[in-house]
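Peer 1: Take this sequence and fold it.
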Amino acid sequence: MKRMICLLLAGALTACARPSPIPAVPAVPVTQGLPLVDLTDDFARFQAASVGIDKAERVTAFKRHFEPLIPGFYDRTTVGPFDYGDLILKALDAYPSSARD
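Peer 2: Numbering: from 1, shown residues only. Got it, this is the predicted structure:
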């Protein structure tokens, strides 16, 4: 009886362990999807032009500069537990060193 139960359990576990066939996802042509927008030059120009500006004004000016380029992207005030303005300032302050890497 024990042997039969063990065989039944082994068979059930084997059946559960087999992956079910997953249908293939059709390839999306490159012409569809989101366009790539490179704002590196805009960021670099803004970063260089805004050095020394008051932190709060720098964040406001940053959002004002990028709003027409990527509408709504910088509207939020937090990202998880972080203040979005602080993250923007950190990125601006780190940019010259990260651009050289």
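Peer 1: tell me the contacts of the spatially closest residue to Tyr95 that is not a sequence neighbour?
Peer 2: Counting by CB to CB, 6 or more residues apart in numbering, Gln47 is the residue found nearest to Tyr95 once chain neighbours are left out, at 4.7 Å. To be clear about C-beta, it is placed using only N, CA and C from the backbone, and glycine gets the same treatment. The contact partners of Gln47, by CB atoms under 8 Å, 6 or more residues apart in numbering, come to Leu92, Tyr95, Pro96.
Peer 1: Next up, identify which helix or strand the last one is on.
Peer 2: Applying DSSP states H and E as the criterion places Pro96 in helix 84-100.
Peer 1: since we're on Val37, how many residues are nearby?
Peer 2: Around Val37 sit 8 other residues, with neighbours defined as other CB atoms under 10 Å.
Peer 1: my guess is it contacts Phe66, does it?
Peer 2: No. Assessed by CB atoms under 8 Å, Val37 is found out of contact with Phe66, at 10.9 Å.
Peer 1: which residues of this structure score low on pLDDT?
Peer 2: In the predicted model, the chain carries pLDDT under 70 at residues 1-2, 4-32, 97-101.
Peer 1: Tell me which stretches of it form strands.
Peer 2: 78-79, 82-83 (DSSP state E).
Peer 1: one step back: which strands and helices sit next to the helix holding Pro96?
Peer 2: When contacts are defined as 3 or more CB pairs under 8 Å, 6 or more residues apart in numbering; DSSP states H and E, helix 84-100 packs onto helix 40-49, helix 55-66.
Peer 1: from these, which stretch is densest packed?
Peer 2: helix 55-66 (a mean of 15; mean count of other CB atoms under 10 Å).
Peer 1: May I see the helices and strands packed on helix 84-100 organised as a markdown table, with distance to Tyr84 added?
Peer 2: Output for the helices and strands packed on helix 84-100, formatted as a markdown table (distance: least, CB to CB, whole Å):
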| stretch | distance to Tyr84 |
| --- | --- |
| helix 40-49 | 15 |
| helix 55-66 | 8 |
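Peer 1: among those helices, which is nearest Phe82?
Peer 2: helix 55-66 (13.2 Å; CB to CB).
Peer 1: Report all helices and strands that that closest one contacts.
Peer 2: Taking 3+ CB pairs under 8 Å, 6+ apart as contact, the helices and strands that helix 55-66 lies on are helix 40-49, helix 84-100.
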